[in-house]
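Asker: here is my input; please provide its structure:
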Amino acid sequence: MDPPEMPYQQAIETCFDATIGEGGLCQDAFASTLAKTTAGIDGLRTHRARGSLALLTLPEAKDDLAKLAAIASRHRQDFKHIVILGTGGSSLGGQTLAALCTSEFAPPQDAPRLYFMDNIDPQSFTGLFCSLPAEETAFLVISKSGGTAETLAQFFAALDWMRTQRSDASLAKHFTIVTEPGSNALRRQGERWSIPCLDHDPGIGGRFSVLSLVGLLPAMIAGVDPLAVREGARQVLDATLGTTDPARAEPAIGAALHVALAETRAAHQAVFMPYCDRLAPFGLWYRQLWAESLGKDGHGTTPVHARGTVDQHSQLQLYLDGPRDKFFTLLLAKSRGKGPLIPKDLADDPSLDWLAGRRMGDLLAASGEATAKTLARHGRPVRLFHFSAVNETTLGALLMHFMLETILTANLLGVDAFTQPAVEESKRLMRDTLKKISAMENTAS
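Answerer: Presented below is the predicted three-dimensional model:
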């Protein structure tokens, strides 16, 4: 039986040597690696049946959405500005989903304006606080551990600003915390100021949390349909775990391509290039997912974030004529016939006959197709994702695809996709540095 139709199509023909020459992958190497994904798929299937991997239970979950809808509705009604504090997976998932309904150019329609503050640049926060009216502003503070230094610094800065602008008693109305159950620094502050605290599932790591309240609550405030997001994810999950043939499992195909190209063609960089501005945050989300899940014990490939057509004018020269160490993924949404018209009476220069009378979306579509063909002609392996619409169902499907692809790739490499042990050293050194500075200041005083 054929697998159900997916919200996207993955085209891989231009990944193989038969099509692009020596830079492409040998079919035998691909087939051998693809066969090895069976164990990873079986493991995921077992986890889903047992409910032992929370990520896999989310696509079918609905019970949590009523509570989230009520919280989102209150924020939409009571505030004009929502600031999301958090970093990494606590921010990128929400950014990715909210981009479906937000724009940097147009004010939101019947929804607050969202500000994702995912860094600790003091200038950015000074500018933020100077520009927002406190009475119309709410903060959503997200940290799985409740101890993320950057998020705590953001939170205390925002808390102090709101106290100064309003009052201590107003904090409970203007703040909401998302953190895992149990005692942690962030939750203790929430209890101190009677700030509502929502539970972050301890079984879901930040970079895999986009389908949970971490990604969905900001998105719902922006106007995203959470059921449609999860439905798209469910379609991919069902299709992947519902077949015994990995050649019918799109994430398994992607994992096999990555590993086989790295092992046999030294393709140690993964270029991820959506041709759609609304998918730019998706590329940043993918970059963290791929890097943090796979970069262990000397394994992993380096994700490179690019955006079409912008990076045709900044990176394409390197891609075509630089080292043959890259595997390209292009995401192409249907854009032909869409967007502003380029009038013939304005573009009447004879050298522009190819552009006159076209729409902007025609140029975008042609650029994506041309880039893919040019990469292939230069012997660069490139796969294409085609989809007809950029909406909740499609994005949910793509999110699940790349989470599963990442997990299956980790299984092939023999690493744990859900840990990030190496970064703990940097966190420890940062804390030690601040302690030393404090000690020096105390001594000087």
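
Asker: alpha carbons only for contacts and neighbour counts from here, please
Answerer: Noted.

Asker: make sure I have this right: residue 344 is in a strand.
Answerer: No - going by DSSP: H, G, I helix; E, B strand; the rest coil, the assignment for residue 344 is coil, not a strand.

Asker: quick one: contacts for it?
Answerer: By C-alpha atoms under 8 Å, 6 or more residues apart in numbering, residue 344 lies in contact with 356, 357.

Asker: residue 335: what secondary structure?
Answerer: Assignment for residue 335 (three-state DSSP): coil.

Asker: against residue 145, how distant is the residue nearest the centre of the chain?
Answerer: Residue closest to the average C-alpha location in the chain (C-alpha atoms, centre = their mean): residue 285, at 2.4 Å. Using C-alpha to C-alpha, to the nearest Å, residue 285 is found at 19 Å from residue 145.

Asker: wait, the residue nearest to the centre of the chain sits on residue 94?
Answerer: No - between residue 285 and residue 94 there is no contact under C-alpha atoms under 8 Å: 9.5 Å.

Asker: all strands for the protein, in order.
Answerer: Per DSSP state E, the chain carries strands over the ranges 9-11, 81-85, 113-117, 137-142, 175-179, 197-199, 269-274, 302-305, 326-333, 382-387.

Asker: CA atoms only: put the helix ranked longest in the chain into PDB for me.
Answerer: Assignment by DSSP state H gives helix 27-50 as the longest helix of the chain. Provided in PDB are the C-alpha atoms of helix 27-50 (Å, rounded to 0.1, in the frame of the first residue of the first chain):
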ATOM      1  CA  GLN A  27      23.300   4.200  -4.900                       C
ATOM      2  CA  ASP A  28      24.800   1.200  -3.200                       C
ATOM      3  CA  ALA A  29      26.200   3.400  -0.400                       C
ATOM      4  CA  PHE A  30      22.800   5.100   0.000                       C
ATOM      5  CA  ALA A  31      20.900   1.800   0.000                       C
ATOM      6  CA  SER A  32      23.300   0.300   2.600                       C
ATOM      7  CA  THR A  33      22.900   3.200   4.900                       C
ATOM      8  CA  LEU A  34      19.200   3.500   4.400                       C
ATOM      9  CA  ALA A  35      18.800  -0.200   5.500                       C
ATOM     10  CA  LYS A  36      20.500   0.700   8.800                       C
ATOM     11  CA  THR A  37      17.800   3.200   9.700                       C
ATOM     12  CA  THR A  38      15.400   0.300  10.300                       C
ATOM     13  CA  ALA A  39      16.700  -0.100  13.800                       C
ATOM     14  CA  GLY A  40      16.100   3.600  14.600                       C
ATOM     15  CA  ILE A  41      12.600   3.500  13.200                       C
ATOM     16  CA  ASP A  42      11.800   0.300  15.200                       C
ATOM     17  CA  GLY A  43      13.100   2.100  18.300                       C
ATOM     18  CA  LEU A  44      10.800   5.100  17.700                       C
ATOM     19  CA  ARG A  45       7.900   2.800  17.000                       C
ATOM     20  CA  THR A  46       8.500   1.200  20.400                       C
ATOM     21  CA  HIS A  47       8.800   4.500  22.200                       C
ATOM     22  CA  ARG A  48       5.500   5.700  20.700                       C
ATOM     23  CA  ALA A  49       3.700   2.500  21.700                       C
ATOM     24  CA  ARG A  50       5.000   2.700  25.200                       C
END
